[in-house]
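**Student:** model the following, please.
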Amino acid sequence: MLPDQPYSGLLTDLYELTMAAGYVQNGFDARATFEVFVRSLPRRRNYLVAAGLEQALDFLGNVRFSSEDISYLRALPFFRHVHSKFFDYLSQFQFKGDVWALPEGTIFFPGEPLLRVTAPIAEAQLVETTLLSILHFQTLIASKAARITAAAAGRTVVEFGSRRAHGVEAGVLAARAAFIAGCEGTSNTYAGRRFGIPVYGTQAHSWIMAHEDETEAFRDFLNVFPEQSTLLVDTYDVHAAIEKMIALGRKPGGVRLDSGDVLADSQWVRARLDRDGWNDVQIFASGELDEDRIEDLLRSGARLDAFGVGTALSTSADSPNLGVIYKLVEVEVGDTVRSAAKFSQEKITYPGRKQVFRFTGDEGKFSSDIVGLHGESFPGAEPLLVPVMREGRRLAASGKDLAATMQEARSRCLACRSRMPGRILALQPAEPPFPVRHSAQLERLHDQVRQTVAKTARIG
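**Tutor:** From the prediction side, this is the model:
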């Protein structure tokens, strides 16, 4: 969560360490390339939004094995036969590889590399688990947030999900990912300070209930926050609360509806406020909202200006995981480069270092993608993967301050969405899906590798 802080090398699965020990002890001196990608779109998604790269690079730049970490591993029965050479290697461990990635906020599709790591094979193996964890979570939440903000049709959406997130760190990073994908702000004040995200807050029902009279509760809050107050009006009776607020003669910035018949109440509240000339008082809705509920409310004529979305957003409740994977695509030993691929049924991967090329069609809209080999080019297409780390050091473009990085990623996402075909941005399944194909050169390499593997593995 915090930049430039040490990360324990033990933030990994045990089999990463066993493989690394095998590579080091056997002197398997190879340079490997792994790619992170998603096999298929999760349920009810037409696209994904890349997020988490900044934290991934923080991890790569700061992962170390402390003496305590190494002592723990030495004591494991599983490692009793491992040579001291491996533990010496861990004591000096530092990621020194190269990384290419999709810039945060980029819309992407299954089979397209989100990140590419090239490093000594043991290094590349040891960072797999944490890279997948970081990129998976923020990409998951950003992709959900993109749907929610699209459903709001230009109205403000605030991320409200910290108390339902799967841990404190998840709440902070969910706020970050949601902002990248179009949310205007968050209720999480730490995320506001750390990442420069605008923060929003009103009051809870407990504030109203703590006072003997609702009018007193409104007055006291307005006394403290005369310019920023959004008053919660559904604790007892919405109509009565609005009348009490108007009778005070002190106009708040907004009112919040958190329960009840939000459609009917929003229509009544808007009409009542407008009757007294309070046209600029915003109506903010919260409480068990998601993209479907927001779309349904607006389609039915709800008079709402902003939404606070919590549980559904910070947990991606309807589709809580992505099939994100980290697969070996190339091994270099000495002067020999060997492309690698997996051919087991339903888990086929494509070999070679890859690039994603995006084409633009009519009216400036994106029309299709080609996944090709690194080094290919296609007239009129934009290559999406860019270098972000070389020999373990961040490149200048990825070292900006956190707030500037966030704003750039957010702008990229919104610009990318504006150029996607309408059917891709819709909440319903896109027909047809966004076109993505492999280049002819990549297909040929895939066939060559398959034929080579078939000779040794005796597969058809």
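
**Student:** how about residues contacting stretch 371-382?
**Tutor:** Residues from elsewhere that reach stretch 371-382 (CB atoms under 8 Å, 6 or more residues apart in numbering): 111-113, 350, 352-360, 370, 383, 436-439, 441-442, 445. C-beta coordinates here come from the backbone N, C-alpha and C atoms, glycine included.

**Student:** give me the subset of those that lies in helices.
**Tutor:** Members of the contacts of stretch 371-382 lying in helices (criterion: DSSP state H): Q441, L442, L445.

**Student:** make JSON lines out of those and add pLDDT and neighbour count.
**Tutor:** Putting these into JSON lines (pLDDT from 0 to 100; neighbours: other CB atoms under 10 Å) gives the following:
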{"residue": "Q441", "pLDDT": "98", "neighbour count": "13"}
{"residue": "L442", "pLDDT": "97", "neighbour count": "20"}
{"residue": "L445", "pLDDT": "96", "neighbour count": "18"}
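
**Student:** between those, which is closest to P103?
**Tutor:** L442 (22.3 Å; CB to CB).

**Student:** quick check: that closest one touching T349?
**Tutor:** No. Under the criterion of CB atoms under 8 Å, L442 makes no contact with T349, lying 11.6 Å away.

**Student:** I'd assumed G196 was in contact with G185.
**Tutor:** No. G185 lies out of contact with G196 (CB under 8 Å); the separation is 10.5 Å.

**Student:** okay, these two: which has more neighbours?
**Tutor:** Between G185 and G196, counted using other CB atoms under 10 Å, the more crowded position is G185 (22 against 15).

**Student:** for the more buried one, which non-adjacent residue is spatially closest?
**Tutor:** P198 (3.6 Å; CB to CB, 6 or more residues apart in numbering).

**Student:** per-residue pLDDT, the one you found?
**Tutor:** Here, the pLDDT recorded for P198 equals 97.

**Student:** what sits against the nearest residue to L384 once chain neighbours are set aside?
**Tutor:** Closest residue to L384 apart from its sequence neighbours, by CB to CB, 6+ apart: V356 at 4.3 Å. V356 makes contacts with L102, F108, E112, P113, D369, I370, V371, G372, P383, L384, L385, as judged by CB under 8 Å, 6+ apart.

**Student:** just the buried ones from the contacts of stretch 371-382?
**Tutor:** Neighbour counting with 16 or more other CB atoms under 10 Å marks 111-113, 350, 352-358, 370, 436, 438-439, 442, 445 as buried within the contacts of stretch 371-382.

**Student:** just those: which are in strands?
**Tutor:** K354, Q355, V356, F357, R358, I370, V436, H438 (DSSP state E).

**Student:** among those residues, which one lies nearest to L10?
**Tutor:** Closest approach to L10 among those (CB to CB): K354, at 30.8 Å.

**Student:** touching, the closest one and R116? I think so.
**Tutor:** Yes. Between K354 and R116 there is a contact under CB under 8 Å: 7.3 Å.

**Student:** mutual contacts of the two, please.
**Tutor:** Taking CB under 8 Å, 6+ apart as the contact rule, K354 and R116 both touch E35, L385.

**Student:** only alpha carbons, please: show stretch 44-53 as PDB.
**Tutor:** Below are the C-alpha coordinates for stretch 44-53, written out as PDB (Å, rounded to 0.1, in the frame of the first residue of the first chain):
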ATOM      1  CA  ARG A  44     -21.600  -9.800 -17.100                       C
ATOM      2  CA  ARG A  45     -18.400  -8.000 -18.300                       C
ATOM      3  CA  ASN A  46     -17.700  -6.800 -21.900                       C
ATOM      4  CA  TYR A  47     -14.300  -5.400 -21.100                       C
ATOM      5  CA  LEU A  48     -11.700  -5.000 -18.400                       C
ATOM      6  CA  VAL A  49      -9.900  -1.900 -17.100                       C
ATOM      7  CA  ALA A  50      -6.100  -2.300 -16.300                       C
ATOM      8  CA  ALA A  51      -5.300  -1.100 -12.700                       C
ATOM      9  CA  GLY A  52      -2.700  -1.800 -10.000                       C
ATOM     10  CA  LEU A  53       0.400  -1.200 -12.000                       C
END
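
**Student:** show me how far it is from its chain's centre.
**Tutor:** Relative to its chain's centre, stretch 44-53 lies at 6 Å (CA atoms, centre = their mean, to the nearest Å).

**Student:** mind listing what's buried in that stretch?
**Tutor:** Those would be R45, N46, Y47, L48, V49, A50, A51, G52, L53, for stretch 44-53 by 16+ other CB under 10 Å.

**Student:** would you mind putting these into a markdown table with secondary structure, pLDDT and distance to G323 alongside?
**Tutor:** Shown next, in a markdown table, are the buried residues of stretch 44-53 (DSSP: H, G, I helix; E, B strand; the rest coil; pLDDT from 0 to 100; distance: CB to CB, whole Å):
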| residue | secondary structure | pLDDT | distance to G323 |
| --- | --- | --- | --- |
| R45 | coil | 97 | 11 |
| N46 | coil | 98 | 16 |
| Y47 | coil | 98 | 15 |
| L48 | strand | 98 | 11 |
| V49 | strand | 98 | 16 |
| A50 | coil | 98 | 15 |
| A51 | coil | 98 | 17 |
| G52 | coil | 97 | 16 |
| L53 | helix | 97 | 19 |
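
**Student:** out of those, which two are the most distant from each other?
**Tutor:** Spatial extent of the buried residues of stretch 44-53 (CB to CB) is set by the pair N46 and L53 at 21.9 Å.

**Student:** outside of stretch 10-24, which residues touch it?
**Tutor:** Contacts for stretch 10-24 (CB under 8 Å, 6+ apart): 28, 30, 63, 65, 69, 72-73, 78-79, 82, 85-86, 89, 121-122, 125-130.

**Student:** quick one: mean pLDDT for that stretch?
**Tutor:** Stretch 10-24 shows a mean pLDDT of 98.

**Student:** equivalent analysis for stretch 120-127, please.
**Tutor:** Taken as a whole, stretch 120-127 carries a mean pLDDT of 98.

**Student:** what are the contacting residues of that stretch?
**Tutor:** Contact with stretch 120-127 is made by 9, 12, 16-17, 19-20, 23-24, 28-34, 59-60, 63, 89, 93, 95-97, 117-119, 331, as judged by CB under 8 Å, 6+ apart.

**Student:** of these, which belong to strands?
**Tutor:** Among the contacts of stretch 120-127, DSSP E puts R31, A32, T33, F34, V63, V117, T118, A119, V331 in strands.
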